[in-house]
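Enquirer: sharing a sequence plus its predicted fold:
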Amino acid sequence: MKQIRISTALAFFTAFFILDASSQLAQRAGSVSKSQSVEFQIESSKKIDRLVGADFRKKQIRPLGKATDSEFLRRAYLNVIGRIPSYEESVEFLNDEDPEKRNKLIELLLSSYGYNMHMFNWWADLLRATDTFQNTSGAPYIKWIKDSIAENKSYKTMVHQLVAATGGGWQNGAVGYYVRDKGMLKDNMANTTRIFLGTRIECAQCHNHPFDSWKQMDFYQMAAFTNGIKTSKNHLAEYLEDKEDMDGVSRGLRDVSRLVRYAVYDFSISDSGTGTIKLPKDYKYRDGEPGERVGAKSLSHFGKTIKVSTRSKSTDSGKARQKFADWLVSSDNPRFTKVIANRMWKRVMGTGLFEPLDNFSSASEPSNPSLMSYLEELLVDLDYDLKAFQKVLYKSYAFQLSPNTIQHPDRTAYHFNGRQLKRLSAEQIWDSLLTLKIDKLDQRKGNGYGGDAIIYGGRPVLVGKKSMKDLYNDVMAFDTGGEVWDYTKKLHDQINADKGGSKGGGEKMEMMMAYNASKKYGDEMRASELKSPMPNGHFLRQFGQSNREVIENSSTDSDVTQVLSILNGHVERHITANGSAKVFRVMKKGKTDKEKINRAFISILSRLPTTLEKEIFIEEFKSNGASAPENMVSALISTAEFMFVQ
């Protein structure tokens with residue numbers, strides 16, 4: 001049987017490899033955009049399979065067979081929306097006899113709200129998005145990221161808006177990209193090149209890079225693009241700070257003043273920077289002098305070079321960051337496309353075409369160069385629509401190959417003969433466990449959906465009367481410290497007199513719903529809806545959630561605290577010893593022990609038990625009676641099959 005599956009798979013790839021390319025190009029024609037064209041997506045998936053198949057032939061690799069429906073179901077749910085399917089979702093798919101059910105499932109998942117939730121976790125790790133920035137709330141930034149995902153904003157547009165962002169956070173949440181790194185603009189530029197160009201230049205901040213071509217001059221010329229960025233009306237923020245230290249100022253008034261200072265003035269970007277920067281005083285290379293002011297210049301080998309002169313007054317240095325954003329996402333900069341195409345490939349397939357993702361050098365070589373080139377071409381054709389790009393990958397035969405149980409060495413070329421087994425991320429584990437506990441998990445909205453409510457004392461105030469956008473506009477209209485201080489005192493009185501706000505619909509209603517959700521559900525919401533990141537000691541952090549201090553700092557390593565958490569910690573309290581958990585409610589509907597066992601397996605592992613497994617647990621039910629369901633659920637959750645993406 002295994003031999004038949006291997007032969008079938010090889011024939012599948014071979015057939016696609018010899019298809020006439022001209023017939024595919026003809027099917028691409030039409031007025032529908034390629035990101036919306038079903039025909040284009042189908043042909044693109046087939047071309048990916050041909051390129052993977054050609055690599056198999058070249059490397060003499062015998063492809064694995066096709067994943068079972070259960071394997072595909074669980075893999076699709078975990079990959080696309082970040083959790084296992086519920087019992088009902090599993091039964092519906094497994095009982096469906098439609099030959100197109102796999103493609104239909106991908107369509108369903110990508111259009112679901114769960115996709116947005118899971119995609120946020122990816123973006124938050126990449127951008128190090130947190131709930132708090134030093135002294136102020138990071139909520140506008142969180143909300144901007146979530147709104148951008150919900151709008152399916154193109155990657156190219158999203159990156160440009162981040163890098164070129166100006167204004168106040170409550171008008172344009174994208175400024176959080178810089179507020180996040182306030183006072184550390186050189187580090188911010190180093191992160192920008194890692195995230196969007198797959199290049200590490202931070203080493204060149206202190207000296208010429210020892211292993212790459214980047215010089216210290218290159219680093220400072222890049223840093224010049226964002227150097228000198230300022231917050232809005234900083235002199236008024238300083239005025240408020242002085243007022244806060246005066247005798248007779250109440251604690252409440254001081255807190256309101258800090259709210260104005262942190263949330264308005266500090267969470268803003270007023271300009272695009274100078275476009276120039278001074279070299280360090282200990283600069284020692286021949287291409288510059290210590291303390292010399294140099295103009296911004298883009299990295300070489302990354303398309304057309306752009307510069308900002310330090311001499312010519314005709315050069316508008318105030319547009320340096322805008323020029324940088326234009327250059328970064330330009331079609332003349334192929335590295336921008338290559339890096340995100342590889343990131344998305346790894347997100348779907350589990351391993352990048354080149355690793356590590358953010359250290360692509362002149363010596364790097366993708367494991368399948370032809371496939372890498374096509375993925376770049378495809379992303380451009382799809383106008384950087386990441387959802388459409390992922391859809392093409394998910395509908396490929398390559399994604400449907402059986403899991404490869406042979407562990408491939410890290411950082412060596414992998415040719416995608418079946419998905420490598422990977423431990424679930426902390427967020428996937430958390431969300432999957434909650435799927436076993438509660439109903440309609442994806443409907444619970446929390447963090448980032450409080451709109452622009454003014455949060456004071458840990459609760460929304462003046463709802464329906466004044467929002468953070470109103471507050472920002474009011475404060476930014478003042479030009480003198482006296483005006484701002486008088487406004488702050490009036491705002492303090494309004495908050496003290498607030499009795500819960502007036503009625504309001506739309507966004508105002510959403511503020512209260514989000515606030516009430518956090519009170520009602522506690523942390524029984526998906527990871528994307530909780531504090532970003534959760535504090536040390538929380539289950540998510542124990543299982544490797546990123547602290548969001550470093551790019552993609554999450555971990556899938558295992559340790560003793562995780563084992564204890566499963567055996568007698570969080571999992572025991574909330575699921576295995578909780579008779580009201582959904583998994584037990586589903587099992588109770590089974591009329592016989594056999595049906596209960598089937599329901600447990602489908603709920604937890606998305607499949608029916610094997611004959612041997614069924615015999616083992618039937619014996620367990622006979623021997624231990626009432627405690628058997630709890631023992632079985634505990635055993636299944638503790639398996640590698642549950643903890644790994646198959």
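Expert: Received, thanks.
Enquirer: immediately after the least confident helix or strand in the chain by mean pLDDT, which helix or strand?
Expert: The weakest-scoring helix or strand in the chain, judged by mean pLDDT, DSSP states H and E, is helix 21-27 (a mean of 40). Downstream of helix 21-27, the first helix or strand assigned by DSSP states H and E is helix 38-59.
Enquirer: the residue lying closest to Phe617 once chain neighbours are set aside: what secondary structure?
Expert: What sits nearest to Phe617 in space, not counting adjacent residues and going by C-beta to C-beta, 6 or more residues apart in numbering, is Ile597, at 4.8 Å. Where C-beta positions appear, they are placed from N, C-alpha and C, glycine not excepted. What DSSP: H, G, I helix; E, B strand; the rest coil gives for Ile597 is helix.
Enquirer: hang on, isn't Ile597 packed against Lys614?
Expert: Yes. In this structure, Ile597 is within contact of Lys614 by C-beta atoms under 8 Å, at 6.0 Å.
Enquirer: comparing those two, which shows the higher neighbour count?
Expert: A count of neighbours by other C-beta atoms under 10 Å puts Ile597 above the other of Ile597 and Lys614, at 25 against 16.
Enquirer: any idea of the pLDDT on the more buried one?
Expert: Note on Ile597: pLDDT of 98.
Enquirer: pull the contacting residues for it.
Expert: Gly590, Pro609, Lys614, Phe617, Ile618, Phe621, Met632 (C-beta atoms under 8 Å, 6 or more residues apart in numbering).
Enquirer: hmm, try it at 10 Å
Expert: 587, 590, 608-609, 613-618, 620-621, 628-629, 632 (C-beta atoms under 10 Å, 6 or more residues apart in numbering).
Enquirer: before we move on, what about Lys182?
Expert: Contact analysis of Lys182 by C-beta under 10 Å, 6+ apart lists Phe133, Gln134, Asn135, Thr136, Asn188, Ile229, Thr231, Asp266, Phe267, Ile269.
Enquirer: shouldn't it be within a strand?
Expert: No. Under three-state DSSP, Lys182 sits outside any strand and is assigned coil.
Enquirer: per-residue pLDDT of it, please?
Expert: As predicted, Lys182 sits at a pLDDT of 89.
Enquirer: same question, Glu238
Expert: Looking at Glu238, its pLDDT is 95.
Enquirer: give me the domain ranges for this protein.
Expert: Taking automatic domain parsing as the reference, the chain has its domains at 2-111+361-420, 560-645.
Enquirer: for Leu185, which non-adjacent residue is closest in space?
Expert: Computed as C-beta to C-beta, 6+ apart, the closest residue to Leu185 that is not its neighbour in sequence is Thr226, at 5.2 Å.
Enquirer: give me phi/psi at the spatially most central residue of the chain?
Expert: By C-alpha atoms, centre = their mean, the chain has its centre lying nearest to Trp122, at 1.7 Å. Taking degrees, to the nearest 10, you get phi -60, psi -50 for the backbone angles of Trp122.
Enquirer: my read: the residue nearest to Leu185 touches Gln322, true?
Expert: No. Look at Thr226 against Gln322 with C-beta atoms under 10 Å: they stay out of range, at 11.1 Å.
Enquirer: who touches both of these two?
Expert: Common neighbours of Thr226 and Gln322, counting by C-beta under 10 Å, 6+ apart, are Val163, Ser272, Gly273.
Enquirer: any idea how far the residue nearest to Phe617 is from Pro609?
Expert: Using C-beta to C-beta, to the nearest Å, Ile597 is found at 6 Å from Pro609.
Enquirer: could you do Tyr414 as well?
Expert: As judged by C-beta to C-beta, Tyr414 and Pro609 stand 32 Å apart.
Enquirer: and what of Asn359?
Expert: To Pro609, Asn359 is 44 Å away according to C-beta to C-beta.
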